[in-house]
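> Structure of the sequence below:
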Amino acid sequence: MIVSLALEVLKYITSKQHCLYSTITPKLRTAVSTVSTKHTDKGCLHNLNMLFTTLFLLAGLASAAPALDARQVTTEFAPWEITAASSARRALDITIKQPNTIRLQRVPRGYAVLPSFEADCAWTWEQSGSPPFGVETLCTTVGENSAYGNFTATLSGTDQGDLKADIKETREVTIFQQQYVRVFEGEQAFNEESGWKVRCGAGGACNWAFRGGELPVKVKQELTTSVGSCEEATVGGC
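Sure, this is the predicted structure:
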(Lines give C-alpha, C1' and ligand atoms only; values in the text may rest on other atoms or scores of the structure.)
Protein backbone atom coordinates (compact mmCIF):
# COMPACT_ATOMS: atom_id res chain seq x y z
CA MET A 1 0.00 0.00 0.00
CA ILE A 2 2.75 2.46 0.93
CA VAL A 3 4.65 1.72 -2.31
CA SER A 4 1.59 2.34 -4.49
CA LEU A 5 0.92 5.63 -2.73
CA ALA A 6 4.55 6.65 -3.22
CA LEU A 7 4.23 6.02 -6.96
CA GLU A 8 1.18 8.25 -7.05
CA VAL A 9 3.17 11.00 -5.34
CA LEU A 10 5.94 10.62 -7.92
CA LYS A 11 3.43 11.18 -10.71
CA TYR A 12 2.20 14.20 -8.80
CA ILE A 13 5.72 15.65 -8.53
CA THR A 14 6.74 15.13 -12.16
CA SER A 15 3.87 17.20 -13.55
CA LYS A 16 5.33 20.34 -15.15
CA GLN A 17 2.05 22.10 -15.89
CA HIS A 18 -0.35 21.75 -12.96
CA CYS A 19 -1.07 19.77 -9.80
CA LEU A 20 -2.83 16.95 -11.68
CA TYR A 21 -5.02 16.32 -8.65
CA SER A 22 -7.78 15.05 -10.91
CA THR A 23 -5.52 12.23 -12.22
CA ILE A 24 -4.64 10.85 -8.80
CA THR A 25 -6.43 7.62 -7.97
CA PRO A 26 -9.41 7.68 -5.59
CA LYS A 27 -7.32 5.75 -3.00
CA LEU A 28 -4.78 8.55 -2.75
CA ARG A 29 -7.45 11.26 -2.80
CA THR A 30 -9.05 9.54 0.19
CA ALA A 31 -5.72 9.33 2.02
CA VAL A 32 -5.12 13.06 1.58
CA SER A 33 -8.67 14.23 2.20
CA THR A 34 -7.33 16.90 4.55
CA VAL A 35 -5.59 18.69 1.68
CA SER A 36 -7.14 22.00 0.63
CA THR A 37 -9.86 21.71 -2.03
CA LYS A 38 -8.33 24.59 -3.98
CA HIS A 39 -5.97 22.76 -6.34
CA THR A 40 -4.32 25.71 -8.06
CA ASP A 41 -0.69 26.05 -9.13
CA LYS A 42 -0.22 28.40 -6.19
CA GLY A 43 -1.26 25.67 -3.78
CA CYS A 44 0.89 22.89 -5.26
CA LEU A 45 3.77 23.22 -2.80
CA HIS A 46 1.42 23.21 0.18
CA ASN A 47 -0.43 20.17 -1.14
CA LEU A 48 2.84 18.36 -1.85
CA ASN A 49 3.97 18.90 1.75
CA MET A 50 0.67 17.51 2.95
CA LEU A 51 1.14 14.43 0.73
CA PHE A 52 4.56 13.68 2.18
CA THR A 53 3.19 14.16 5.71
CA THR A 54 0.38 11.71 4.97
CA LEU A 55 2.80 9.10 3.58
CA PHE A 56 5.03 9.48 6.64
CA LEU A 57 2.08 8.83 8.96
CA LEU A 58 0.93 5.85 6.91
CA ALA A 59 4.42 4.36 7.03
CA GLY A 60 4.48 4.81 10.79
CA LEU A 61 1.16 3.05 11.10
CA ALA A 62 2.43 0.09 9.09
CA SER A 63 5.04 -0.64 11.79
CA ALA A 64 2.89 0.27 14.81
CA ALA A 65 0.77 -1.90 17.07
CA PRO A 66 -1.97 -3.94 15.36
CA ALA A 67 -5.42 -2.40 14.83
CA LEU A 68 -8.65 -3.98 16.06
CA ASP A 69 -12.23 -2.77 16.09
CA ALA A 70 -13.92 -1.85 19.37
CA ARG A 71 -15.63 -5.24 19.83
CA GLN A 72 -12.26 -7.04 19.91
CA VAL A 73 -10.63 -4.89 22.59
CA THR A 74 -10.42 -5.80 26.28
CA THR A 75 -11.84 -2.99 28.43
CA GLU A 76 -10.86 -4.40 31.86
CA PHE A 77 -7.75 -6.29 32.90
CA ALA A 78 -8.21 -9.99 33.50
CA PRO A 79 -5.57 -11.62 35.75
CA TRP A 80 -2.45 -13.18 34.29
CA GLU A 81 -2.58 -16.96 33.99
CA ILE A 82 0.16 -19.43 34.81
CA THR A 83 -0.74 -22.15 32.34
CA ALA A 84 2.16 -24.53 33.08
CA ALA A 85 4.74 -24.88 35.86
CA SER A 86 7.14 -27.61 36.93
CA SER A 87 10.43 -28.03 38.75
CA ALA A 88 12.81 -30.98 38.76
CA ARG A 89 16.55 -31.73 38.66
CA ARG A 90 17.71 -28.19 39.47
CA ALA A 91 15.39 -26.48 37.01
CA LEU A 92 12.16 -24.49 37.10
CA ASP A 93 9.90 -23.68 34.14
CA ILE A 94 6.84 -21.43 34.17
CA THR A 95 4.55 -20.37 31.32
CA ILE A 96 2.68 -17.09 31.87
CA LYS A 97 -0.19 -15.80 29.75
CA GLN A 98 -1.26 -12.18 29.42
CA PRO A 99 -4.89 -12.57 28.27
CA ASN A 100 -5.70 -8.90 27.74
CA THR A 101 -5.82 -6.89 24.52
CA ILE A 102 -5.09 -3.34 25.69
CA ARG A 103 -6.50 -0.46 23.66
CA LEU A 104 -4.21 2.53 23.10
CA GLN A 105 -5.68 4.92 20.53
CA ARG A 106 -7.68 5.24 17.33
CA VAL A 107 -6.05 4.51 13.98
CA PRO A 108 -7.63 4.56 10.49
CA ARG A 109 -8.92 0.96 10.69
CA GLY A 110 -9.92 0.73 14.34
CA TYR A 111 -7.73 0.85 17.45
CA ALA A 112 -4.03 0.33 17.99
CA VAL A 113 -3.57 -2.22 20.76
CA LEU A 114 -1.10 -4.15 22.84
CA PRO A 115 -2.03 -7.76 22.04
CA SER A 116 -2.32 -10.69 24.42
CA PHE A 117 0.67 -13.03 24.55
CA GLU A 118 2.40 -15.88 26.38
CA ALA A 119 5.95 -16.23 27.66
CA ASP A 120 8.12 -19.05 29.03
CA CYS A 121 10.32 -18.37 32.06
CA ALA A 122 13.12 -20.84 32.82
CA TRP A 123 15.80 -21.17 35.52
CA THR A 124 18.58 -23.70 36.02
CA TRP A 125 21.25 -23.98 38.72
CA GLU A 126 24.17 -26.11 39.82
CA GLN A 127 23.61 -29.37 41.66
CA SER A 128 25.14 -28.11 44.89
CA GLY A 129 23.48 -24.71 44.68
CA SER A 130 20.07 -23.13 45.19
CA PRO A 131 17.69 -21.54 42.69
CA PRO A 132 19.01 -18.15 41.47
CA PHE A 133 17.23 -16.02 44.05
CA GLY A 134 17.15 -12.26 43.54
CA VAL A 135 18.08 -12.36 39.85
CA GLU A 136 15.60 -10.75 37.45
CA THR A 137 15.21 -13.19 34.57
CA LEU A 138 13.91 -12.29 31.11
CA CYS A 139 11.28 -14.69 29.81
CA THR A 140 10.88 -15.80 26.19
CA THR A 141 7.74 -14.88 24.28
CA VAL A 142 5.80 -17.70 22.62
CA GLY A 143 4.89 -17.34 18.94
CA GLU A 144 6.05 -15.12 16.10
CA ASN A 145 3.92 -12.00 16.65
CA SER A 146 5.53 -9.12 18.51
CA ALA A 147 4.12 -8.48 21.97
CA TYR A 148 5.83 -5.05 22.18
CA GLY A 149 7.35 -6.16 25.47
CA ASN A 150 7.82 -9.19 27.69
CA PHE A 151 7.68 -10.69 31.16
CA THR A 152 10.51 -10.82 33.67
CA ALA A 153 10.45 -12.78 36.93
CA THR A 154 12.55 -12.71 40.10
CA LEU A 155 12.63 -15.69 42.48
CA SER A 156 12.83 -15.65 46.28
CA GLY A 157 12.32 -18.34 48.93
CA THR A 158 14.23 -21.27 50.39
CA ASP A 159 14.12 -24.21 47.94
CA GLN A 160 12.12 -25.73 45.07
CA GLY A 161 9.22 -26.51 47.36
CA ASP A 162 8.91 -22.99 48.79
CA LEU A 163 9.29 -20.24 46.19
CA LYS A 164 7.82 -16.89 45.29
CA ALA A 165 8.03 -15.28 41.85
CA ASP A 166 7.82 -11.49 41.53
CA ILE A 167 6.55 -11.02 37.99
CA LYS A 168 6.76 -7.87 35.86
CA GLU A 169 5.20 -7.21 32.46
CA THR A 170 6.69 -4.30 30.50
CA ARG A 171 5.12 -3.12 27.21
CA GLU A 172 6.28 -0.26 25.00
CA VAL A 173 5.30 0.97 21.54
CA THR A 174 5.25 4.26 19.60
CA ILE A 175 2.27 5.14 17.40
CA PHE A 176 2.34 8.28 15.25
CA GLN A 177 5.21 9.63 17.42
CA GLN A 178 3.15 9.06 20.61
CA GLN A 179 4.99 6.79 23.05
CA TYR A 180 3.08 4.32 25.21
CA VAL A 181 4.59 2.44 28.17
CA ARG A 182 2.66 0.11 30.47
CA VAL A 183 4.22 -1.81 33.36
CA PHE A 184 2.26 -4.35 35.41
CA GLU A 185 3.52 -6.19 38.49
CA GLY A 186 2.28 -9.19 40.45
CA GLU A 187 3.51 -12.15 42.49
CA GLN A 188 2.78 -15.84 42.88
CA ALA A 189 3.74 -18.29 45.62
CA PHE A 190 4.92 -21.79 44.78
CA ASN A 191 4.37 -23.71 48.02
CA GLU A 192 2.10 -26.34 49.51
CA GLU A 193 -0.57 -23.80 50.43
CA SER A 194 -0.90 -22.71 46.78
CA GLY A 195 -1.10 -26.30 45.53
CA TRP A 196 2.60 -26.63 44.61
CA LYS A 197 3.29 -30.24 45.61
CA VAL A 198 6.18 -32.68 45.33
CA ARG A 199 6.12 -36.18 43.92
CA CYS A 200 9.13 -38.50 44.18
CA GLY A 201 9.88 -41.68 42.26
CA ALA A 202 11.33 -44.96 43.49
CA GLY A 203 14.84 -43.83 42.56
CA GLY A 204 14.57 -40.73 44.72
CA ALA A 205 14.11 -38.20 41.90
CA CYS A 206 11.50 -35.61 42.82
CA ASN A 207 9.52 -33.05 40.88
CA TRP A 208 7.18 -30.24 41.87
CA ALA A 209 4.04 -29.08 40.09
CA PHE A 210 0.60 -27.64 40.72
CA ARG A 211 -1.56 -30.68 41.38
CA GLY A 212 -5.27 -31.09 41.90
CA GLY A 213 -6.66 -28.89 39.12
CA GLU A 214 -5.08 -25.58 40.13
CA LEU A 215 -4.01 -24.70 36.57
CA PRO A 216 -4.34 -22.18 35.20
CA VAL A 217 -3.29 -20.25 38.30
CA LYS A 218 -4.71 -16.70 38.23
CA VAL A 219 -2.23 -13.98 39.22
CA LYS A 220 -3.66 -10.55 40.00
CA GLN A 221 -1.49 -7.84 38.47
CA GLU A 222 -1.27 -4.12 39.26
CA LEU A 223 -0.58 -1.32 36.79
CA THR A 224 2.48 0.43 38.28
CA THR A 225 3.66 2.60 35.35
CA SER A 226 1.59 4.24 32.63
CA VAL A 227 3.12 6.63 30.08
CA GLY A 228 1.14 8.02 27.16
CA SER A 229 -2.61 8.22 26.58
CA CYS A 230 -4.97 8.66 23.66
CA GLU A 231 -5.81 12.14 24.97
CA GLU A 232 -2.19 13.17 24.33
CA ALA A 233 -2.09 11.78 20.79
CA THR A 234 -1.83 14.42 18.06
CA VAL A 235 -3.12 11.94 15.47
CA GLY A 236 -5.99 9.51 16.05
CA GLY A 237 -7.01 10.36 19.61
CA CYS A 238 -9.54 8.35 21.61
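> show me what contacts the nearest residue to Ala122 once chain neighbours are set aside?
Excluding its sequence neighbours, the residue lying closest to Ala122 (C-beta to C-beta, 6 or more residues apart in numbering) is Asp93, at 5.0 Å. The way it works is simple: take the backbone N, C-alpha and C, and place the C-beta from them, glycine included. By C-beta atoms under 8 Å, 6 or more residues apart in numbering, the contact list for Asp93 reads 84-87, 120-123.
> if we go to 10 Å?
84-87, 120-124 (C-beta atoms under 10 Å, 6 or more residues apart in numbering).
> Adding secondary structure and distance to Phe210, write the residues you listed out as a markdown table.
Converted to a markdown table, those look like this (DSSP: H, G, I helix; E, B strand; the rest coil; distance: C-beta to C-beta, whole Å):
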| residue | secondary structure | distance to Phe210 |
| --- | --- | --- |
| Ala84 | strand | 9 |
| Ala85 | strand | 6 |
| Ser86 | strand | 9 |
| Ser87 | strand | 11 |
| Asp120 | strand | 16 |
| Cys121 | strand | 15 |
| Ala122 | strand | 17 |
| Trp123 | strand | 17 |
| Thr124 | strand | 20 |
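> And these, which of them are buried?
When these are checked for burial by 16 or more other C-beta atoms under 10 Å, the buried set is 84-85, 87, 121, 123.
> Just give me the closest of the contacts of Asp93 to Thr141.
Comparing the contacts of Asp93 against Thr141 with C-beta to C-beta places Asp120 closest, at 8.2 Å.
> Was I right to think the closest one contacts Ser86?
No: counting by C-beta atoms under 10 Å, Asp120 does not reach Ser86; the two are 11.7 Å apart.
> what do those two both touch?
Common neighbours of Asp120 and Ser86 (C-beta under 10 Å, 6+ apart) are 93-95.
> Would you confirm that Leu90 contacts Ala122?
Just to correct that, residue 90 is Arg rather than Leu. No: contact between Arg90 and Ala122 fails when scored by C-beta under 10 Å: they sit 11.8 Å apart.
> which regions of this protein sit below the pLDDT cut-off?
Residue ranges of the chain with pLDDT under 70: 1-75, 145.
> got the domain boundaries for this structure?
With domains defined by automatic domain parsing, the chain comprises 2-62, 67-232.
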